[in-house]
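Visitor: below is the sequence, then the predicted model.
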2 protein chains.
Amino acid sequence: MKTETRKEEIIRVAAKLFKQKGYSAVTMRDIAKAMGIKAASLYNHINSKQDILNEIIISLAEAFTQEMKQIQSSGVNSIDKLKKIIELHVNISSQNIYGMASLNNDWMHLKDKLQYYLKLRNTYEDDFKTILIDGITKNEIINIKPEVMMFSILTTLRSLYIWIPKKEQLNLEALTDDLINVLINGIAKE
Amino acid sequence: MKTETRKEEIIRVAAKLFKQKGYSAVTMRDIAKAMGIKAASLYNHINSKQDILNEIIISLAEAFTQEMKQIQSSGVNSIDKLKKIIELHVNISSQNIYGMASLNNDWMHLKDKLQYYLKLRNTYEDDFKTILIDGITKNEIINIKPEVMMFSILTTLRSLYIWIPKKEQLNLEALTDDLINVLINGIAKE
DNA sequence: GTCTATAAAATGATAGAC
DNA sequence: GTCTATCATTTTATAGAC
């Protein structure tokens, strides 16, 4: 386990606070106080509050995009691709609950990186929809508007960060199985 | 159609801005500018920025709670109750897209009304879960953890405000039907 | 790497004229 | 009902000492 740098600690602590109150409501003093130092000291490790948000969001968005490309080229059928997507969201969400909150709720406060983030998000959603359309064509998925199916599944997966902390023992495999059941078995033809 | 009071206009304009940037990032000057007046003039109609948020969120939370009680006592089976809940969310969300954003994302910035809001939300979720458990008991709904089913369905419904604006022609009945298909038919035993 | 001190701007809200 | 003027506070960020 790599030792956490001071910069990484700032990003971790900030993300936790961003989840509680949102990016705009968290001050540099809040972050500093949570670390036991003064706000001015933060600037020895990061350039601005913006930079903290950039690091949190872009690293996650890139991770999702990259994994989606892997899934796309995995050669399995559309239902199994969807299962892999569910696993992907459970894995990343459980490993970075706080960052997922910012990815979902604070992306509009990006500035320099906003267009890049939107490009990544659109690419991800296009890939997702392509899998659904492919599944419909191959008769693996019921013929309902792919937008509605994607909306339902993706919204559920994107909100996992809200619910995972509530699971008492955090049995991720059981959660993944249940989600696959609920989300897929309503889509796949029997 | 009742004429909109100045106070109602402030709440409507503020909610639209809150959806775009979140409560904390919207200033009284932003709201005033969007209305073509000065920030100081707002205070002739409302007491504080907090009050605007209170009005947006509490009126919606009470509407959901009230309708849920109607559904609970409607006497239909559990699947039909779930269908009514889906219709409820589509209706309220399409009528108040901007307010739904605050209900979902800005509730943590409530102060006086925070505990009251949390009570309403908990009551709503308990009622929802009771319907699911009742359906499982009566063999109308598959036997998966009700928490996971509620999470999946409720998260999708709570995020409708994000997606409804994207529907080009806003065919709400078709959307409701598709949602019922996707959300319920994966849950109801055939 | 952290501190104190402080600059420069933004913010919620009030007072009082019209 | 809206305005100008203004207050008190908060906020991001920098400078320079230790």
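Guide: That came through, no problem.

Visitor: low-confidence stretches in chain A?
Guide: Residue ranges of chain A with pLDDT under 70: A:167-170, A:186-190.

Visitor: ranges for the helices of chain A?
Guide: With helices called from DSSP state H, chain A shows them at A:6-21, A:28-35, A:39-42, A:49-72, A:78-95, A:97-105, A:114-137, A:146-158, A:160-163, A:172-184.

Visitor: tell me who's in contact with the residue nearest the centre of chain A.
Guide: Nearest to the mean C-alpha position of chain A, counting by C-alpha atoms, centre = their mean, stands A:M100 at 4.7 Å. Going by C-beta atoms under 8 Å, 6 or more residues apart in numbering or on different chains, A:M100 touches A:L60, A:I92, A:S93, A:R158, A:L160, A:Y161. Quick note: C-beta positions are derived from backbone N, CA and C, even for glycine.

Visitor: which of those lies closest to B:K119?
Guide: The nearest member of the contacts of A:M100 to B:K119, counting by C-beta to C-beta, is A:Y161 at 23.8 Å.

Visitor: what's the burial count for that closest one?
Guide: Neighbourhood size, A:Y161 [other C-beta atoms under 10 Å in any protein chain shown]: 23.

Visitor: what sits against it?
Guide: A:K19, A:S93, A:I97, A:Y98, A:M100, A:A101, A:N104 are the contacts of A:Y161 under C-beta under 8 Å, 6+ apart.

Visitor: what's the local residue count around the fourth one?
Guide: Spelled out, that is A:Y98. When neighbours are counted by other C-beta under 10 Å, A:Y98 comes out with 20.

Visitor: next: the last one.
Guide: A:N104 has 19 neighbours, counted by other C-beta under 10 Å.

Visitor: ok, the closest residue to it other than its chain neighbours - contacts?
Guide: Excluding the flanking residues, the one nearest A:N104 by C-beta to C-beta, 6 or more residues apart in numbering or on different chains is A:R158, at 5.6 Å. By C-beta under 8 Å, 6+ apart, the residues touching A:R158 are A:H89, A:M100, A:N104.

Visitor: among those, which one sits closest to chain B?
Guide: For those, the residue nearest chain B by C-beta to the nearest C-beta is A:N104; the value is 9.2 Å.

Visitor: surely that closest one touches A:L157?
Guide: No - A:N104 is beyond contact range of A:L157, at 10.6 Å (criterion: C-beta atoms under 8 Å).

Visitor: rewinding a little: so which of the helices of chain A comes closest to DNA strand C?
Guide: Distance to DNA strand C, taken as C-beta to the nearest atom of the strand, is lowest for helix A:39-42 among the helices of chain A, at 3.2 Å.

Visitor: now find how far off-centre the closest one is within its chain.
Guide: 29 Å (C-alpha atoms, centre = their mean, to the nearest Å).

Visitor: dump the C-alpha coordinates for that helix into PDB.
Guide: Taking Å, rounded to 0.1, in the frame of the first residue of the first chain, the C-alpha atoms of helix A:39-42 are listed here in PDB:
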ATOM      1  CA  ALA A  39      -6.100  27.100   5.000                       C
ATOM      2  CA  ALA A  40      -3.100  28.900   3.700                       C
ATOM      3  CA  SER A  41      -1.000  25.700   4.100                       C
ATOM      4  CA  LEU A  42      -3.200  23.900   1.600                       C
END
